[in-house]
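K.L.:
Need the 3D shape of this:
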Amino acid sequence: MTTPLQPSAASLAAELSVVIAPAVAEALHKEVVAIAAAAVRLYAESHPRPSHVTMTQAAEMLGISHPTLKKLIEAGTITMNPVGRIPISQIDAALVARS
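P.N.:
Predicted coordinates:
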C-alpha cells in the first residue's frame, strides 16, 4: 500500500498565490482608485474654481504664453469681460477645442 505524497508548504503557497494574488491585486487596485477619487473630490470641494481668471492665470491653465493668449483674444477666440478677466467657461471651451 502506498501513501499519497503530502504537498510541501512551498508548493501549496505557489498554488494559492496563483489564485489569491490576482484577487488581492484587484482589491488593492480598487482601493487605490477609491482613495484617489476621494482625494480629487475633497480637493475640488475645498478649492472651488473661480468664475473668472486673469490673463496670466488663463495662459497657465491653457499651457500657452501670454503673447499667444493676447493673439487669441485679439482674434476673438477668447473673450474678456469688461473688467479684463476671462470667464472660466472660455478656458474650458478652449481646452475642449484643443483636445
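K.L.:
Over to residue 52: give its phi and psi.
P.N.:
phi -140, psi 150 (degrees, to the nearest 10).
K.L.:
wait, what's in contact with the nearest residue to it once chain neighbours are set aside?
P.N.:
In space, and not counting its chain neighbours, residue 52 is closest to residue 85: 3.6 Å by CB to CB, 6 or more residues apart in numbering. (C-beta placed from N, C-alpha, C; glycine too.) Residues in contact with residue 85, defined by CB atoms under 8 Å, 6 or more residues apart in numbering, are 52-54.
K.L.:
Same question for residue 47.
P.N.:
Going by CB under 8 Å, 6+ apart, the list of residues near residue 47 is empty.
K.L.:
just residue 13 next, same as before
P.N.:
Counted by CB under 8 Å, 6+ apart, residue 13 has zero contacts.
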